[in-house]
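[1] Give the three-dimensional model of this entry:
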Amino acid sequence: MDSWLWLAGLAAVLYGLHQVFTKLAAGHIGSGVGAFVVEASATGTILLYLSYTRLAGVWSQPWSGRGIAWSVVTGVCVGAGTIAFFVMFQRGGPLSAVPTILALGAALMAVMGAVVFHEPPSVPRVMGVLFSLAGLYLLGR
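    Purely as a prediction, here's the structure:
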């Protein structure tokens with residue numbers, strides 16, 4: 001098994017639970033406050049990770065202006081996406097809509113991978129994009 005594959009599985013489980021817990025919280029907190037608490041908790045978790053790497057002597061955290069700039073853009077997307085999910089759930093959006101929404105995001109990533117990063121297209125990737133678009137269509141019906 002590739003060394004990154006178990007991390008992909010862990011990320012999938014954690015991001016899946018992220019949406020479950022967002023749905024549970026949405027009826028009990030405002031969208032902005034909820035998103036702020038989510039992101040502040042994430043920041044705390046990351047600070048613990050950085051502290052661990054420093055104290056354990058395995059610190060390897062290079063950075064550049066370009067890396068920081070793209071990370072800021074990423075943070076804006078995460079923050080706005082978290083707010084969008086809170087508002088969606090507060091307006092009655094079902095948890096079952098999340099896989100289709102995330103599949104559309106996955107389709108966007110696959111297209112960007114091919115166009116921007118020149119990753120080779122493959123039958124599974126193309127089928128994934130097509131199924132994601134079909135799922136979005138069916139979600140809207």
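[2] Is the most far-flung residue of the chain relative to its centre in a helix, a strand, or coil?
    Distance from the centre of the chain peaks at residue 57, with 29.1 Å (Cα atoms, centre = their mean). Under DSSP: H, G, I helix; E, B strand; the rest coil, residue 57 falls in the coil class.
[3] any idea how far it is from residue 107?
    To residue 107, residue 57 is 41 Å away according to Cβ to Cβ, to the nearest Å. For glycine as for every other residue, the C-beta is placed from the backbone atoms N, C-alpha and C.
[4] list the contacts for the spatially most central residue of the chain?
    A centroid search over the chain (Cα atoms, centre = their mean) returns residue 15, at 6.3 Å, as the residue closest to the centre. Shown in contact with residue 15 (Cβ atoms under 8 Å, 6 or more residues apart in numbering): residue 102.
[5] Show me the helices in the protein, by range?
    Taking DSSP state H as the criterion, the chain carries its helices at 5-26, 31-55, 65-90, 98-115, 123-139.
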